[in-house]
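> Got a predicted model here, sequence first, then my questions.
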Amino acid sequence: MHSAFSRRSFLATTALGMASGCVRREGDAPPPDGSVQPTAEHAEQALGPRTLGILEAAMARILPSDEDPGAKEARCVEFLRTQLEDPQLAAVKREMHLLARVLEAAAKKATGGAFPALTAVEQDEILGRAAEGKLPHPRGFDVTHAFRVLVSFTLEGFLSDPRHGGNAGGVGWKFAQFEPHAGHAHHGLPVVDK
């Protein structure tokens with residue numbers, strides 16, 4: 001049973017707003033300086049286990065588990081990793097790598113610990129500041145935009161076709177009460193012939 005303002009209403013509202021929310025607006029200038037600086041070596045490397053762990057922890061707070069599965073159970077981070085293997089998304093991969101570094105730097109500054117090890121309340125506070133662009137970040141890096149992109153990947157990973165790496169076991173489809181039919185690739189999920 002879902003309350004009036006539930007994860008379902010969050011998903012519906014967020015999905016509608018994502019297209020406009022992920023667009024950078026002209027004149028959105030980043031704060032002048034940040035404590036995290038990008039380097040060429042970080043820009044080109046794959047998202048390693050540490051970076052993926054930070055992003056997975058953030059995704060788990062964007063779409064937390066409660067009586068229903070969340071981003072962790074849907075393996076949204078695997079969807080993110082799979083999508084960012086596409087060379088055409090190299091700029092987005094760099095953006096997600098930098099976002100992870102910004103979140104980790106904020107966690108270390110706030111508590112001395114790693115972002116994944118923080119409490120849910122501490123993670124939410126840092127993510128809220130990221131959403132508002134209030135975390136120190138490299139010059140020219142739009143942390144608010146990067147956070148919005150991560151929200152988008154979280155929702156896409158939760159609701160996508162499982163063959164893309166997320167929505168493990170169809171948990172997102174089950175949550176949304178979507179029944180794949182014969183025209184969908186269902187990857188072992190029950191099919192309703194309509």
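Arrived safely, thanks for sending.
> Can you list the buried residues in the top helix by length along the chain?
Secondary structure of the chain read by DSSP state H shows that its longest helix is helix 90-111. With burial defined by 16 or more other Cβ atoms under 10 Å, the residues of helix 90-111 counted as buried are 92-107. For glycine as for every other residue, the C-beta is placed from the backbone atoms N, C-alpha and C.
> Give me the neighbour count for Ala131.
Burial measure for Ala131: 16 neighbouring residues, criterion other Cβ atoms under 10 Å.
> For the longest helix of the chain, which helices and strands make contact with it?
For helix 90-111, the contact count by 3 or more Cβ pairs under 8 Å, 6 or more residues apart in numbering; DSSP states H and E identifies helix 40-44, helix 49-62, helix 120-131, helix 143-159 as packing neighbours.
> The same query, at a cut-off of 7 Å, please.
The criterion is 3 or more Cβ pairs under 7 Å, 6 or more residues apart in numbering; DSSP states H and E, and the helices and strands that helix 90-111 contacts are helix 49-62, helix 120-131, helix 143-159.
> And the ones you listed: which comes nearest Arg75?
Between Arg75 and the helices and strands packed on helix 90-111, the tightest spacing by Cβ to Cβ is seen for helix 143-159, at 7.2 Å.
> buried sites along that closest one?
If you call a residue buried by 16+ other Cβ under 10 Å, then helix 143-159 has these buried ones: 143-159.
> re earlier: the longest helix of the chain to helix 143-159, inter-axis angle?
For helix 90-111 against helix 143-159, the angle between stretch directions is 110 degrees (axes from the mean of the first three to the mean of the last three Cα atoms, to 10 degrees).
> Contacts for helix 90-111 next, please.
Taking Cβ atoms under 7 Å, 6 or more residues apart in numbering as the criterion, the residues outside helix 90-111 that touch it are 35-36, 38, 42-43, 47, 51, 54-55, 58, 80, 84, 113-115, 118, 122, 126, 130, 135-138, 141, 143, 146-147, 149-150.
> Would you mind checking these for buried ones?
For the contacts of helix 90-111, buried by 16+ other Cβ under 10 Å: 36, 38, 47, 51, 54-55, 58, 80, 84, 115, 118, 122, 126, 130, 135, 137-138, 141, 143, 146-147, 149-150.
> If I take the longest helix of the chain and helix 120-131, what angle do their directions form?
130 degrees.
> Quick one: mean pLDDT for helix 90-111?
Mean pLDDT, taken over the full extent of helix 90-111, equals 96.
> Stretch 82-98: end-to-end distance?
18 Å (Cα to Cα, to the nearest Å).
> Quick check: which ranges of this structure have low pLDDT?
Scanning the chain for pLDDT under 70 picks out the ranges 1-46, 181-194.
> Please identify the buried residues of stretch 66-79?
Within stretch 66-79, the residues scored as buried using 16+ other Cβ under 10 Å are 68-79.
> measure that stretch end to end?
End to end - Cα to Cα - stretch 66-79 spans 21 Å.
> From the rest of the structure, what touches it?
With contacts defined as Cβ under 7 Å, 6+ apart, stretch 66-79 is touched by 7, 52, 55-56, 59-60, 62-65, 153-154, 156-158, 160, 164-168, 171-172, 175.
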